[in-house]
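*Asks:* Just need the structure, nothing else, for what follows:
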Amino acid sequence: MGATGVRSPAEGAARLVVVEGDVPGRKFTINRQATLGRSSRADVTVHDREVSREHARIARCEKGFVLEDLGSQNGTFVDEVPVSRKLLAMGDKIRLGPRVVLVFTRRDPIEEVLQQRQRLESLGRLTAGVAHDFNNMVGAVTAAAECLAGVLEDETMDRDVAADCVADMQAAASRAAALSRSLLDFAKGANSGHRVVDLGALCKDLVKLVRRTFPHSTRIVLDAQPGLAVEGDATELQQILMNLCVNGRDAMTDGGTLHITARRARPDEGPPVGSVERGRVVVSVGDTGVGIDEETRKRIFEPFYTTKPRGAGFGVGLSTVRELVNVHGGSIEVASEPGVGTRFDVFLPKASTSGALPTETTTQAPPVMPRGGIAGSTVLLVDDEPVVRRSLARLLRRAGAEVVEACDGRAGVERFASLDERPDVVLFDLDMPRLTGDEAHRELESVHGHVPVVFMSGRGSAPEIPPETTCLRKPCTGPELLMALAEALDSVPSEGEEETGAHTMRSVRVAAARVQAQGGAVPEGIL
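*Replies:* Below is the predicted model:
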């Protein structure tokens, strides 16, 4: 089938769907380019011994997407015609070797909207738990702050009591930050592509979020075997489990126990998914709720079917779950009895490569506050939230910097231009009125040349900033902020610094700050 004007790929991403092979129904999104092959490092991983480790590549070009064979042993075919390089058309069937067939097609925006809608529905159903946990954290911060405020009145407070107040405020802020980040990551649902995923670790992360947001009357029990490697999209797998957990919570109106287990499946249980050699894993979510009758069980996976009252749900949750399970080459089964409870079993094929699980990073002690990385420098601080701006300014001044403040992006650009000496570095919030942080930065650089900058974002992502710049996720720790600013200062020497040696000295200070942040000793007088 040749490429025609009608069938040429549209702007944006395309999609490959497996129609014959190890996991029929599995889908891969292609943005700019992707390698197809048997290797775990391939972007589109297919499990067939007749497929080369790096078999073919799909890359975007001016006319659409081009498929190129990478010297494979058993050949690449488009609509049964052997090819070495070919411009693809929507609907083309790509065969890798003798058995694996994929269809090149458009990404389905309606399907993605439904998945996003389901994620937002799950978040809405978590609202009460989120509010409860945040109120607890705000209450802890408020109580500690009021206790510390007593020092301003009578100047009498035991040092240990003050230290406890500060520690409680830091712990509450850290817990609230972790909750907000988990919610943001789940809400964004940015597909990361199919990779090797540690299913046990994913379950543990999910349980942390669930325990913070579910009512205390819901007891949560996790039993996850180590070393459970599956290939899939971590966001989509998390969405599967989150939906099942929320359904289980809703089924236990008076509280109960939610069991989450992940283990290797026995050869004789569940439907056959994946290859026999690779084996399977099963993740189960069970509740002790009201149960599901037989008639409802027959329809629970139908799109838009719901037993909830009007306005309580759209009926897309379990249909989305089944679709995502199918995309991962798996299957889902449900067992339930009215008055006893319900259990969903999700069977997934194991990853083909053993030992490919991402290694867990060891927890390190929090870094010590660097004292000299930004000392003597001028920082232009641009943030539209007054309380955030004041707090950050205090932290920066305590670290020895001179701070100039601006209340939004436009004010930041005007303040920069009005100063007799240009600031050494600019700290921009990204989400601001009049001009966003990235817009203000581009305007500054178009007029003043390179401007060392650090961005901060409360949204968890910053797609528009230059790749060489740093974007910190709010809230960050003091050492993280000071280190990022010190590194931005050190990135480009200011005018005249080469002659004076100021740039060299600042490099020494930044290096010393790194050593100190890792708990090392720094010679006296360097910082």
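*Asks:* What segments of this protein are helices?
*Replies:* Per DSSP state H, the chain carries helices over the ranges 109-125, 127-154, 159-188, 199-213, 234-251, 294-297, 317-327, 386-398, 409-418, 437-448, 478-491, 497-500, 502-517.
*Asks:* And the average pLDDT for the third one is what?
*Replies:* I take that to be helix 159-188. The predicted model gives helix 159-188 an average pLDDT of 71.
*Asks:* just the last one next, same as before
*Replies:* For helix 502-517, the per-residue pLDDT values average out at 48.
*Asks:* One more: the fifth one?
*Replies:* Along helix 234-251, the predicted confidence averages to a pLDDT of 84.
*Asks:* Quick one: list the elements packing against that helix.
*Replies:* Secondary structure elements in contact with helix 234-251, counted by 3 or more Cβ pairs under 8 Å, 6 or more residues apart in numbering; DSSP states H and E, are helix 109-125, helix 159-188, strand 195-198, helix 199-213, strand 256-264, strand 280-287, helix 317-327, strand 341-349. C-beta: built from backbone N, CA, C; applies to glycine.
*Asks:* what's the angle between it and strand 280-287?
*Replies:* Angle of helix 234-251 versus strand 280-287, following axes from the mean of the first three to the mean of the last three Cα atoms, to 10 degrees, is 30 degrees.
*Asks:* Start at 37, not 1
*Replies:* Fine by me, first position is 37 from now on; the one you just mentioned is helix 270-287.
*Asks:* Could I get the CA-only coordinates of helix 270-287 as PDB?
*Replies:* Extracted C-alpha coordinates of helix 270-287, given in PDB (Å, rounded to 0.1, in the frame of the first residue of the first chain):
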ATOM      1  CA  ALA A 270       4.200   2.700  34.800                       C
ATOM      2  CA  THR A 271       1.500   5.400  34.700                       C
ATOM      3  CA  GLU A 272      -1.000   3.100  33.100                       C
ATOM      4  CA  LEU A 273      -0.200   0.300  35.500                       C
ATOM      5  CA  GLN A 274      -0.700   2.700  38.400                       C
ATOM      6  CA  GLN A 275      -4.000   3.800  36.900                       C
ATOM      7  CA  ILE A 276      -5.200   0.200  36.800                       C
ATOM      8  CA  LEU A 277      -4.400  -0.400  40.400                       C
ATOM      9  CA  MET A 278      -5.700   3.000  41.600                       C
ATOM     10  CA  ASN A 279      -9.100   2.400  40.000                       C
ATOM     11  CA  LEU A 280      -9.400  -1.000  41.600                       C
ATOM     12  CA  CYS A 281      -8.400   0.300  45.000                       C
ATOM     13  CA  VAL A 282     -10.900   3.200  44.800                       C
ATOM     14  CA  ASN A 283     -13.700   0.800  43.800                       C
ATOM     15  CA  GLY A 284     -12.800  -1.400  46.700                       C
ATOM     16  CA  ARG A 285     -12.900   1.500  49.100                       C
ATOM     17  CA  ASP A 286     -16.300   2.600  47.900                       C
ATOM     18  CA  ALA A 287     -17.600  -1.000  48.300                       C
END
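*Asks:* Buried residues in it, which are they?
*Replies:* Buried residues in helix 270-287, counting neighbours by 16 or more other Cβ atoms under 10 Å, are found at 270-285, 287.
*Asks:* my guess is residue 457 meets residue 414, correct?
*Replies:* Yes. Contact criterion Cβ atoms under 8 Å: residue 457 and residue 414 qualify, at 7.1 Å.
*Asks:* More neighbours: the two, which one.
*Replies:* residue 414 (16 against 6; other Cβ atoms under 10 Å).
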